[in-house]
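Participant: the following comprises the amino acid sequence and a computationally predicted model.
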Amino acid sequence: MIRSVKSLLLTKSTCFMPKSPVFFASIAPLRSPIEEDSIPISQIETRVPISILRHKSSSLSLHVSHTIKTFNWDLVKDISFANSVKLYGFSHSIESFAILIGIFSSSKMNLPARCLMKCLIDYNLETHSQFTFFNLPSLLVNLSCGALTLLRAYGALIQALVESDLLQASFQAYQEATKIGIQIGTPLCNFLLYNSIKRHEFDLAKILFQEMKQFGPAPNLHTYTIFLSLYNKSNNFDINEANFILKELEKNGLKPNVVTHGTYIHLLCGAGSSELAWEFLKELKNKKLDFNTQCFNSIILGFCQEGNLIMARTVFDAMKDFDLIPNLHSFNAFNLFNKMELTGLKPDKALYTTLISLYCKIGEMRIAVQLFDRMVELGFEPDIRVYSCLIDGYSKLGFMDRVDVLMKKMVELGFKPNVVTYTCVINGYRKMGDWNKAYEVYNCMINKGIKMDYFACKIFGRKEVSNDHNNEDCEFEENED
């Protein structure tokens, strides 16, 4: 008798979905890393093992058969590999998953393939099973009866490892693939490069970038633009290195676009070289190269931060000569300081607090810290709100080491972190996937007699919160959504 489909369904957490689509929106949609043509559906159907189709009594085989015929991801998306192994054994389960991964990746349905691969990764981490991350691709290829190639298997594995926050393992998988002669595509290398920088693995990013240049695949425009952003993330900008990258890019026959130019200008301004950025922008105009309003905004903000309001006004007024219209960000810091300058007033503590809060919200921590330092120089004493803004900004970017420094500094100065401060820290550790530290901060907050508010409840996944958003009688569960 066929088992009920419900016996294979698990909770929502068993099906992996990528946490954030930021990369795909800000850089470019990540196309399939596979360069070869997909296998026609007719050929895929003939490659299904007879053993799978003969197991009519198996609910898993029934799911696989229907999925092969219909390409309906909903039929198998909630199947857990661990649960499948318990019900049907390891051999039958791994064979079924190999075929499904092959079917989906061959049809360029990359998300389902990565979700299934994530199930295998989770099983390996939980049980230390019969396969490792590095022999998994060849195992799946051998069991897929031709539906899966090593290139696609490694592509799905590398992406699933990155999305599982196993960056070092994903890089090792990439190196294993190149050792056996598999040419990983440029889009997948860019994905790995971007996430290395995003997670502050700068040495890893530099190694990958150099290997791409030496052994392939050849870096494209996205690769160079992503690598330029490393200097902003690492707070270690070297103008000579950045200029070398731009020259190398053009030497290789690539034409910088508006994103590349904007990234470079942003780096110059962040390093206190707004004058160089302005000259570079004027050079772009003379050469009729790409630029946009954001390039101007970076320079305006840079000059304001350097205290050069005259040049900030000059750049602002020049936008019309470049056939550009200022947007909200163009007026941001410039108008606040400009209006005060015209009336002969000096910025006060409230204005600095507002600006620091603004820049922390948009992730411009270099400017926020410079404003903080200037505020202190002028004799304004930072309060708990200012520190909380800085802590929130660094937490959102994942710089938890700097958050710890700020928290200690607050205590030394006699400030007591409040529920807002603690919530920012907890949320930062949550985004980094470090639930142990998140609960450690939570317990510290509770022990100090500070009750969780509505937003803190949401971080942990509230089961019950009253309508007035108070923090009593709440139960919590982990929720990484």
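Facilitator: Looks like it arrived, so ask away.
Participant: from residue 253, how far out is residue 377?
Facilitator: 48 Å (C-beta to C-beta, to the nearest Å). Placement of C-beta: from N, CA and C, glycine included.
Participant: over to residue 204?
Facilitator: Residue 204 is 27 Å from residue 253, by C-beta to C-beta.
Participant: pick out whichever of these two has more residues nearby.
Facilitator: residue 204 (19 against 6; other C-beta atoms under 10 Å).
Participant: and that one, what does it touch?
Facilitator: By C-beta atoms under 8 Å, 6 or more residues apart in numbering, the residues touching residue 204 are 167, 168, 171, 196.
Participant: name the SS class of it, please.
Facilitator: When classified by DSSP: H, G, I helix; E, B strand; the rest coil, residue 204 comes out as helix.
Participant: quick one: pLDDT of it?
Facilitator: Residue 204 is assigned 93 on the pLDDT scale.
Participant: same question, residue 366
Facilitator: 84.
Participant: can you count the residues close to it?
Facilitator: Based on other C-beta under 10 Å, the number of other residues close to residue 366 is 17.
Participant: got it, and the one 10 residues further on?
Facilitator: Here the neighbour count serves as a burial measure; for residue 376 (other C-beta under 10 Å) it reads 13.
Participant: work out for me the element the spatially closest residue to it that is not a sequence neighbour sits within.
Facilitator: Nearest residue to residue 376, sequence neighbours excluded (C-beta to C-beta, 6 or more residues apart in numbering): residue 382, at 6.7 Å. Assigned by DSSP states H and E, residue 382 belongs to neither a helix nor a strand.
Participant: among the contacts of residue 204, the buried ones, what's the PyMOL command?
Facilitator: Per 16 or more other C-beta atoms under 10 Å, the buried members of the contacts of residue 204 correspond to this PyMOL selection:
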select buried, resi 167+171+196
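Participant: what segments of the stretch 201-350 of the chain are helices?
Facilitator: Applying DSSP state H, counting those that start in this stretch to the stretch 201-350 of the chain gives helices spanning 202-215, 221-234, 239-251, 258-270, 274-286, 293-305, 309-318, 328-343, 349-361.
Participant: hey, which of these is tucked in deepest?
Facilitator: helix 293-305 (a mean of 24; mean count of other C-beta atoms under 10 Å).
Participant: between that one and helix 349-361, how many degrees?
Facilitator: Relative orientation of helix 293-305 and helix 349-361, computed by axes from the mean of the first three to the mean of the last three C-alpha atoms, to 10 degrees: 140 degrees.
Participant: CA atoms only: put helix 293-305 into CSV for me.
Facilitator: The C-alpha coordinates for helix 293-305 follow below in CSV (Å, rounded to 0.1, in the frame of the first residue of the first chain):
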residue,chain,number,x,y,z
THR,A,293,23.0,61.3,-10.2
GLN,A,294,24.5,58.9,-7.6
CYS,A,295,28.0,59.8,-8.7
PHE,A,296,27.2,63.5,-7.9
ASN,A,297,25.6,62.5,-4.6
SER,A,298,28.7,60.7,-3.4
ILE,A,299,30.9,63.8,-4.2
ILE,A,300,28.4,66.2,-2.6
LEU,A,301,28.3,64.1,0.6
GLY,A,302,32.1,63.8,0.5
PHE,A,303,32.7,67.5,0.3
CYS,A,304,30.2,68.1,3.1
GLN,A,305,31.9,65.6,5.2
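Participant: contact partners of the helix or strand containing residue 191?
Facilitator: Using DSSP H and E, residue 191 sits in helix 186-198. For helix 186-198, the external contacting residues (C-beta under 8 Å, 6+ apart) are 23, 27, 30-33, 155, 158-159, 162, 167, 170-171, 174, 202, 204-205, 208-209, 212, 217-220, 222-223, 226-227, 229-230, 233.
Participant: and it, how far out from the chain middle?
Facilitator: Taking C-alpha atoms, centre = their mean, to the nearest Å, one finds the center of helix 186-198 at 10 Å from the center of the full chain.
Participant: isn't residue 148 up against residue 105?
Facilitator: Yes - under the criterion of C-beta atoms under 8 Å, residue 148 makes contact with residue 105 at 6.5 Å.
Participant: between these two, point out the one with more neighbours.
Facilitator: Comparing residue 148 with residue 105 by neighbour count (other C-beta under 10 Å), the higher total belongs to residue 105, at 30 against 27.
Participant: show me the two of the contacts of residue 204 that sit farthest apart.
Facilitator: Within the contacts of residue 204, two members stand farthest from each other by C-beta to C-beta: 168 and 196, at 9.8 Å.
Participant: next one: residue 279 from residue 293, what distance?
Facilitator: Separation of residue 279 from residue 293 (C-beta to C-beta): 19 Å.
Participant: how about residue 267?
Facilitator: Using C-beta to C-beta, residue 267 is found at 18 Å from residue 293.
Participant: can you check residue 443 too?
Facilitator: 47 Å.
Participant: where does the stretch 301-450 of the chain dip in pLDDT?
Facilitator: Along the stretch 301-450 of the chain, the parts satisfying pLDDT under 70 run over 326-346.
Participant: could you do the stretch 151-300 of the chain as well?
Facilitator: If you take pLDDT under 70 as the line, the stretch 151-300 of the chain has these spans: 234-237.
Participant: how far off centre is stretch 206-221?
Facilitator: Remark: stretch 206-221 is offset 21 Å from the chain centroid, using C-alpha atoms, centre = their mean.
Participant: then stretch 404-420?
Facilitator: Per C-alpha atoms, centre = their mean, the centroid offset for stretch 404-420 relative to its chain is 28 Å.
Participant: ok, residues contacting it?
Facilitator: Contacts for stretch 404-420 (C-beta under 8 Å, 6+ apart): 383-384, 387-388, 390-391, 394, 421, 425, 445, 448, 450-453, 456.
Participant: and the end-to-end length of it?
Facilitator: 15 Å (C-alpha to C-alpha, to the nearest Å).
Participant: which element, helix or strand, includes residue 171?
Facilitator: Counting by DSSP H and E, residue 171 is found in helix 167-179.
Participant: just the buried positions in that helix, please.
Facilitator: 167, 169, 170, 171, 173, 174, 176, 177.
Participant: out of those, which comes closest to residue 320?
Facilitator: Looking across those and measuring by C-beta to C-beta, the closest to residue 320 is residue 167, at 45.5 Å.
Participant: which ones are touching that closest one?
Facilitator: 161, 195, 196, 199, 201, 204.
Participant: hmm, 10 Å instead?
Facilitator: 161, 192, 195, 196, 198, 199, 201, 204 (C-beta atoms under 10 Å, 6 or more residues apart in numbering).
Participant: now residue 315
Facilitator: Per C-beta under 10 Å, 6+ apart, neighbours of residue 315: 274, 277-278, 281-282, 295-304, 308, 322, 330, 334.
Participant: from memory residue 421 sits against residue 388, does it?
Facilitator: Yes - at 4.7 Å, residue 421 counts as touching residue 388 under the criterion of C-beta atoms under 10 Å.
Participant: neighbour count for the two, which is higher?
Facilitator: With neighbours defined as other C-beta under 10 Å, residue 421 and residue 388 compare such that residue 421 has more, 26 against 23.
Participant: and the strand or helix carrying the more buried one, how far out from the chain's middle?
Facilitator: Element membership for residue 421, per DSSP H and E: helix 419-431. On the basis of C-alpha atoms, centre = their mean, helix 419-431 sits 18 Å off its chain's mean C-alpha point.
Participant: give me the buried positions along that helix.
Facilitator: 420, 421, 422, 423, 424, 425, 426, 427, 428, 429, 430, 431.
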